[in-house]
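**Student:** Got a predicted model here, sequence first, then my questions.
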Amino acid sequence: MAVILVAVETCGGESTSSESLVDSGKIDKAMTELGLKTAEKFNGKLDELLTLEMAAKVTENDLNTAEKKYSKVFEDPKTHYVSYGWTNGRKHISDLGFTKIETDKPDLVQLSWVSATSAENFRNMYREITEEDLQNVRDAMDSKIKEGQLDAQSAKMAKEMAEGFMSGNNSREWLDGVADMAVWMERDKSLKVFHKGLTFSVLADVSDDNTENRNIAIALAKLIIKEKL
């Protein structure tokens, strides 16, 4: 049977056949379905995807002194998380203006946002935020005011939140050799991972040095993929 190939011009001027586009779509769909099965497998069992033993091994902490927390506050499994913490002498100082309060700051690792997605959705989710994105937020707020869906004060607060976010450290470092795709979010001290249709987030706050946090998150992600996926 003859196969008719329709050339599609890309931004770079190269042509891609409709056959290859269809194949790519099929692969993406199959990968997402695989991710869905994996997400369902570990639904309510995130402590089997990232075990205490795995966390203690990577962070070089004692199993017996760990504080484990499993949160299922909301019904949506994507919002669930498991964390492991150790008190190793770090301190957090809260400045109240008239006084400062010093409290223990545990070394913490956490697994969360485990769900199925496509490679395209993952790329779009964690792409660089641009000035155009911020302007779109401003325009959307203005539109809602005109339509009477939002009062001016609420819109002003939403704009200020968006601009405050943009003014912060929103750097994204895409990493090779970790998973199918992985991006380090320095501001959040978290590594966003995509592998075989599954996405998850690994937070590492074990040091005041973010390079060490980054290395721990990468090591945890690699271990999860090696032993569980």
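**Tutor:** Looks like it arrived, so ask away.
**Student:** Now do the strand ranked longest in the chain: which elements does it pack against?
**Tutor:** In the chain, assigned by DSSP state E, the strand with the most residues is strand 107-116. Applying 3 or more CB pairs under 8 Å, 6 or more residues apart in numbering; DSSP states H and E, one finds that strand 107-116 contacts helix 18-41, helix 46-49, helix 52-59, strand 81-86, strand 198-205, helix 210-228. Where you see a C-beta, it was placed from the backbone N, CA and C, and this is true even at glycine.
**Student:** what pairs with the residue most central in space within the chain across the strands?
**Tutor:** Geometric centre of the chain, nearest residue: Lys192, 3.6 Å, by CA atoms, centre = their mean. Lys192 has these beta-bridge partners by DSSP bridges: Val183, Ser201.
**Student:** And the pLDDT for Ile4?
**Tutor:** Ile4 is assigned 32 on the pLDDT scale.
**Student:** re earlier: comparing the helices and strands packed on strand 107-116, which yields the minimum mean pLDDT?
**Tutor:** The minimum mean pLDDT among the helices and strands packed on strand 107-116 belongs to helix 18-41 (a mean of 73).
**Student:** still on that earlier bit, now do the longest strand of the chain, average pLDDT.
**Tutor:** The average pLDDT within strand 107-116 is 97.
**Student:** Next SSE downstream of it?
**Tutor:** Where DSSP states H and E defines the elements, the next helix or strand beyond strand 107-116 is helix 119-125.
**Student:** Could you list the buried residues of that next one?
**Tutor:** Using 16 or more other CB atoms under 10 Å as the test for burial, helix 119-125 gives Ala119, Phe122.
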